[in-house]
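J.: Sequence and predicted model, in that order:
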Amino acid sequence: HSLHRQPGTPGGSVFSILTRVEVTRSQTLETCPESLEVPHATCSSDSDCVAGEMEMLGNGERTGRCVPYYSGPGKTCEVTAWCPVEDGGMLAPGKGGVSSGGDT
């Protein structure tokens, strides 16, 4: 939720509450690889992932383990979060994602 006050409004008592709801039926609370979209999420060993640490833009609390990502050769720090974590590739255009305007 976000609270937004419109400055300079006559009367000065107008405000808006902005909300956004996302339904994620396929997610469960467990441990999983952090999104590759999160800064400092990639790792090469467990020592790169401090247990209990949370990244500001991350999806959950790190477990201290460096694990293989869902696909490809990369690894990310494992987190306790709503899994699988969402990344930019999981959002459909018009549902919060960004479309390039090309054919899909």
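T.: That came in fine, so what should we check first?
J.: Buried ones in the host helix or strand of residue 76, by neighbour count?
T.: With elements taken from DSSP states H and E, the one containing residue 76 is strand 75-83. For strand 75-83, burial by neighbour count (16 or more other C-beta atoms under 10 Å) applies to 75-79, 81-83. Heads up, the C-betas are built off the backbone N, CA and C, glycines and all.
J.: Among those residues, which pair sits farthest apart?
T.: Checking the buried residues of strand 75-83 against each other with C-beta to C-beta, the farthest-apart pair comes out as 75 and 82, at 20.5 Å.
J.: tell me which of the buried residues of strand 75-83 is nearest to residue 31?
T.: When these are compared for distance to residue 31, the smallest value, 5.4 Å, is given by residue 78; criterion: C-beta to C-beta.
J.: so the closest one bridges to which residues?
T.: On the basis of DSSP bridges, residue 78 is bridged to residue 33.
J.: List the contacts of it.
T.: Going by C-beta atoms under 8 Å, 6 or more residues apart in numbering, residue 78 touches 31-34, 49, 62-67.
J.: and those residues, which are buried?
T.: Among the contacts of residue 78, those scoring as buried are 32-34, 49, 62-63, 65-67 (criterion: 16+ other C-beta under 10 Å).
J.: Could you check how far residue 52 is from residue 25?
T.: According to C-beta to C-beta, to the nearest Å, residue 52 and residue 25 sit 29 Å apart.
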